[in-house]
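Engineer: sequence unknown, structure follows:
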């Protein structure tokens, strides 16, 4: 029986469409994928030796005299930091110069890895880099929102194969997010505590959608998942800004993020995905009503006209089945022993 | 110079990203597409002769003893009309049985056509079918929203080649749409008239984004377009429900919808697209503050993590250039003489 389910925070509805249900196994590509990526590609602008093909670094994490993670301004930046953020009227329409900061995080010298397959200590370096850049960009008084995200694979909107993620800092909080903040605030007014903390408690109580719990994080396929195998990584400690993550939490996040991505990599044969770190606006980093988290969505299905027209997603695989499937993937073998010689 | 632009109604922002600007011509596929579709396919459930492979019709439009347009319940319906629409608590979460009505509009007996290439009088039959079903479904007291939409091509989320569109009637107004209604109402409180009527006037005054004007419709690439070649078809007469369209308007809509789709078909070599008819909830069909319209989006680009995290779309082609390009496509040759012998 199909059902509507409501996201407790945004009040968005999804349809869990059992009549066209697909089993988790059905999402595996029919043919084995051949992964042809090489460790180093001479023509790749992100591979070692081609450092002059990117703009100068805004941040670099080195070890033994070699870079492990580089952050560079986005050469094809959708926003620029030389512009103004004053609003302008064009007749009745409103526009603003495209002020903002867009950076690329080159996650590793190795061309053929991803956050799923690189050693855990290297994922930790990447997380630490996100944190460092997040904190730095948050200091900028013209910036109000810092968004860290990763597009993995062509269906997720990237054409560059070399493992990388992105950071975009904007002078604008979009109304969709402002609305989410407002609803969270009303919920906190009503119930006296953060609605995300309540979701964490609720999912731990229900148990049926939990993929993994670590000391500091809960990984779930959310009750009102928009797409099959959607996951959310919630920090258990109430904290509204990603910039306030502790060292212990960052180390733990590296572990659970890698394991979550590895579940997709092994279980669904390296699907394309996006993840994004949602964090409070930088002008009110620590508030009682908001909670930072990571949303992770594999790109296995195609939203169509109904989603476009209504915002209601039709999801063909119940999150309970997805959580079961993901949880059963064996990620406990020592993957970190993977050879790593940049 | 990149810029943020705001949608006057939803207050959503988009980034018009000139630094990674793509010319309209760049969206044409590199290789000529071979269209292999045949007029009739024995294995297609929507082709004549296979009528027993679909559920019985809820509506059929016939001429000379043959069907021209058929409406059937969706065999793989994401919603079912035998269920209940009462809310249920699952702990703190909320769900509802998937009550609703999902129908497929088989637009023509011909397997190889689309709304762009079929004769205009046949598009008129399809529009009349939409109107008839919209009116019928609106009468259902458990239904509050009727959404007519079309998914054309695999990138737009359809796997069936035979030309068809869909109608989904739900007992729920999603919060995103409710929010849009609320903002429209506040705007009408403020300015004394419908904000969509103002957008129509504004776009006609600016002229730079107008693709076409007919007696009853305005076709524009909107100021804050989310994606390249996005178009909106606005009725010029204030009217909040699609169900209240007049016969004259329906005939005119058939003409401008076909011409708009033909611009894409010729100019961009038959790209995949979605369109959706947005119309007021059926419990308040005629209101001063809302205005029905069609949103049409070709699927030429891939929204990625930034769009997912913020709702801000990065659009690489300014709507002014898209409008120029689309307007210049020659759609005045007599396309309606296309042979049509089902």
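Structural biologist: Yes, it's here. This is a predicted model, so every value here is computed, not measured. Residues are numbered from 1 along each chain as shown, chains lettered A, B, ... in the order given.

Engineer: Against chain B, how distant is residue A:288?
Structural biologist: Going from residue A:288 to chain B by Cβ to the nearest Cβ, to the nearest Å gives 18 Å. Where you see a C-beta, it was placed from the backbone N, CA and C, and this is true even at glycine.

Engineer: Neighbours of that residue, how many?
Structural biologist: By other Cβ atoms under 10 Å in any protein chain shown, 15 other residues sit near residue A:288.

Engineer: Find me the pLDDT at it, would you?
Structural biologist: For residue A:288, the pLDDT comes out at 95.

Engineer: Then residue A:341?
Structural biologist: 42.

Engineer: which residue packs closest to residue A:226, ignoring adjacent ones?
Structural biologist: On the basis of Cβ to Cβ, 6 or more residues apart in numbering or on different chains, the spatially nearest residue to residue A:226 that is not a chain neighbour turns out to be residue A:313, at 4.0 Å.

Engineer: buried stuff in stretch A:65-83?
Structural biologist: Residues A:67-74, A:77-80, A:83 are the ones in stretch A:65-83 that count as buried (16 or more other Cβ atoms under 10 Å in any protein chain shown).

Engineer: restrict those to contacts with chain B.
Structural biologist: Contacts with chain B within those, as defined by Cβ under 8 Å from any Cβ of the partner chain: A:77, A:78, A:79, A:80, A:83.

Engineer: was I right about the residue nearest to residue A:226 contacting residue A:307?
Structural biologist: Yes: contact criterion Cβ atoms under 8 Å: residue A:313 and residue A:307 qualify, at 5.4 Å.

Engineer: residues contacting the residue in chain A sticking out farthest from the centre?
Structural biologist: Here the centre of chain A is the reference, and by Cα atoms, centre = their mean the most remote residue is residue A:91, at 37.6 Å. For residue A:91, the contact set (Cβ atoms under 8 Å, 6 or more residues apart in numbering or on different chains) comprises B:202, B:205, B:206.

Engineer: Now which of those would you call buried?
Structural biologist: By 16+ other Cβ under 10 Å, the contacts of residue A:91 give B:202, B:206 as buried.

Engineer: Let's have the contacts of residue A:91 in CSV, adding distance to residue B:164 and pLDDT.
Structural biologist: Listed next are those as CSV, based on distance: Cβ to Cβ, whole Å; pLDDT from 0 to 100:
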residue, distance to residue B:164, pLDDT
B:202, 35, 96
B:205, 38, 95
B:206, 36, 94
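
Engineer: Just give me the closest of the contacts of residue A:91 to residue A:99.
Structural biologist: Residue A:99 lies nearest to residue B:206 out of the contacts of residue A:91, by Cβ to Cβ, at 23.9 Å.

Engineer: and the closest one, what does it touch?
Structural biologist: If you count contacts by Cβ under 8 Å, 6+ apart, residue B:206 has them with A:90, A:91, B:223.

Engineer: Narrow the residues you listed to those in strands?
Structural biologist: Of those, the ones assigned to strands by DSSP state E are residue A:90.

Engineer: So for the longest helix seen in chain A, what gets flagged as buried?
Structural biologist: When chain A is parsed with DSSP state H, its longest helix is helix A:247-267. Under the neighbour-count criterion of 16+ other Cβ under 10 Å, helix A:247-267 has A:249-267 buried.

Engineer: mind listing the strands in the stretch 151-300 of chain A by residue range?
Structural biologist: In the stretch 151-300 of chain A, the segments counted as strands under DSSP state E, counting those that start in this stretch are A:164-170, A:210-213, A:217-220, A:231-235, A:273-278, A:293-298.

Engineer: residue in the stretch 151-300 of chain A nearest to chain B?
Structural biologist: residue A:157 (2.8 Å; Cβ to the nearest Cβ).

Engineer: hmm, back to that, next, format the strands of the stretch 151-300 of chain A as a markdown table and append mean pLDDT, mean neighbour count and distance to chain B.
Structural biologist: Formatted as a markdown table, the strands of the stretch 151-300 of chain A follow (pLDDT from 0 to 100; neighbours: other Cβ atoms under 10 Å in any protein chain shown; distance: least, Cβ to the nearest Cβ, whole Å):
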| stretch | mean pLDDT | mean neighbour count | distance to chain B |
| --- | --- | --- | --- |
| strand A:164-170 | 97 | 24 | 6 |
| strand A:210-213 | 98 | 19 | 14 |
| strand A:217-220 | 98 | 24 | 12 |
| strand A:231-235 | 98 | 24 | 13 |
| strand A:273-278 | 98 | 25 | 3 |
| strand A:293-298 | 98 | 22 | 7 |
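
Engineer: Need those in a markdown table (columns: distance to residue B:175).
Structural biologist: Below are the strands of the stretch 151-300 of chain A laid out as a markdown table (distance: least, Cβ to Cβ, whole Å):
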| stretch | distance to residue B:175 |
| --- | --- |
| strand A:164-170 | 24 |
| strand A:210-213 | 27 |
| strand A:217-220 | 22 |
| strand A:231-235 | 19 |
| strand A:273-278 | 18 |
| strand A:293-298 | 18 |
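
Engineer: So which bits of the stretch 151-300 of chain A are right by chain B?
Structural biologist: So the stretch 151-300 of chain A meets chain B at A:151, A:154-158, A:166, A:168, A:170, A:172, A:174-177, A:179, A:198-199, A:202, A:205-206, A:223-224, A:274-278, A:295, A:297 (Cβ under 8 Å from any Cβ).
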